[in-house]
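Novice: give me a model of this one.
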Amino acid sequence: MTENTLHFVHSTGPPTSDVRVFDSLTRRFLGTEFTFRVIGSSHYVSAPAYDFHELSSCEPVDCDGTTTLRLDGATTADERADAASAADTGPRRRIEYATDGLACATVVERRPLAAFPAEATFDLVYWFGDDAVTTVDVRADGYETYHTYPEFDLALYTRTVFETVPGGAVAGDGVDHGADGRTDDGADRPGQPTD
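Specialist: All right, here's what the predicted structure looks like:
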């Protein structure tokens, strides 16, 4: 049974609790590696060189700076949704976070389950059930995710865009990368929750 609240945690360190990783992908952009993971309770993205860690979880998270979103709120197709709705139950929400060298803005939209593009291709996709899926699609400036919750008739869509902060330094990772952002052996490195 899914909780009815999704928690977004942005921090300078990895999660303190274990996360079950179903699939992962590491891509190089903004001068370093970002690792994207589909986890048992949602997704986890990290870029240790920027001290960037984003955890999205349906499980309760005990951490300062957590943004919560109700899964049973209005969707973008819901005529009852209006600008006066509460921030955690409205159809759209914006979350911002910054470290010394990186800033990101995430727009979260509650869409009807039928809005999920099931025939599309994604960089990461994990089906938890017939209509329950988590996807990650990496873009040149960030990433998009879908998290579907059939019990709420919900396709939760997120779009995160990154910007480097002027004067922000990226720590070198000591790995020789080719033009495609892969390590010397040409393979994507699997992400680990502790990086």
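Novice: what's the closest non-adjacent residue to Y44?
Specialist: Closest residue to Y44 apart from its sequence neighbours, by Cβ to Cβ, 6 or more residues apart in numbering: R37 at 4.6 Å. Where C-beta positions appear, they are placed from N, C-alpha and C, glycine not excepted.
Novice: pLDDT at the one you found, what is it?
Specialist: Looking at R37, its pLDDT reads 95.
Novice: burial of it, as a residue count?
Specialist: 26 (other Cβ atoms under 10 Å).
Novice: quick check: it touching P15?
Specialist: No. At 10.7 Å, R37 does not count as touching P15 under the criterion of Cβ atoms under 8 Å.
Novice: quick revisit: buried residues, the helix or strand hosting the residue nearest to Y44. List them.
Specialist: Secondary-structure assignment from DSSP states H and E places R37 in strand 32-39. By neighbour count with 16 or more other Cβ atoms under 10 Å, strand 32-39 contains the buried residues T32, E33, F34, T35, F36, R37, V38, I39.
Novice: show me the shaky parts of this structure.
Specialist: Residue ranges of the chain with pLDDT under 70: 1-2, 78-90, 167-195.
Novice: in it, which spans are strands?
Specialist: Here the chain has its strands, by DSSP state E, at 5-11, 21-29, 32-39, 42-47, 52-57, 66-70, 92-98, 102-112, 124-127, 133-139, 142-149, 154-164.
Novice: which of these sits closest to T76?
Specialist: strand 102-112 (5.4 Å; Cβ to Cβ).
Novice: centroid residue for this structure?
Specialist: Geometric centre of the chain, nearest residue: H43, 5.3 Å, by Cα atoms, centre = their mean.
Novice: neighbours around the closest residue to it other than its chain neighbours, how many?
Specialist: Closest residue in space to H43, ignoring its immediate chain neighbours: S56 at 5.0 Å, by Cβ to Cβ, 6+ apart. Residues near S56, counting by other Cβ under 10 Å, number 25.
Novice: please name the residues that touch S56.
Specialist: S56 makes contact with L6, H7, F8, V9, S42, H43, Y44, T145, H147, T158, according to Cβ atoms under 8 Å, 6 or more residues apart in numbering.
Novice: please name the bridge partners of the second one.
Specialist: Going by DSSP bridges, H7 is paired in beta bridges with S57, T68.
Novice: what sits against it?
Specialist: L55, S56, S57, C58, E59, P60, V61, T66, T67, T68, L69.
Novice: give me that answer again for 6 Å
Specialist: When contacts are counted by Cβ atoms under 6 Å, 6 or more residues apart in numbering, H7 touches S57, V61, T66, T68.
Novice: how near is I39 to R92?
Specialist: 24 Å (Cβ to Cβ, to the nearest Å).
Novice: what residues sit buried inside stretch 127-146?
Specialist: For stretch 127-146, the neighbour count (16+ other Cβ under 10 Å) marks V133, T134, T135, V136, D137, V138, G142, Y143, E144, T145, Y146 as buried.
Novice: what comes into contact with it?
Specialist: So stretch 127-146 is in contact with 27, 36, 38, 43, 116, 122-126, 147-148, 150, 155, 157-162, going by Cβ under 6 Å, 6+ apart.
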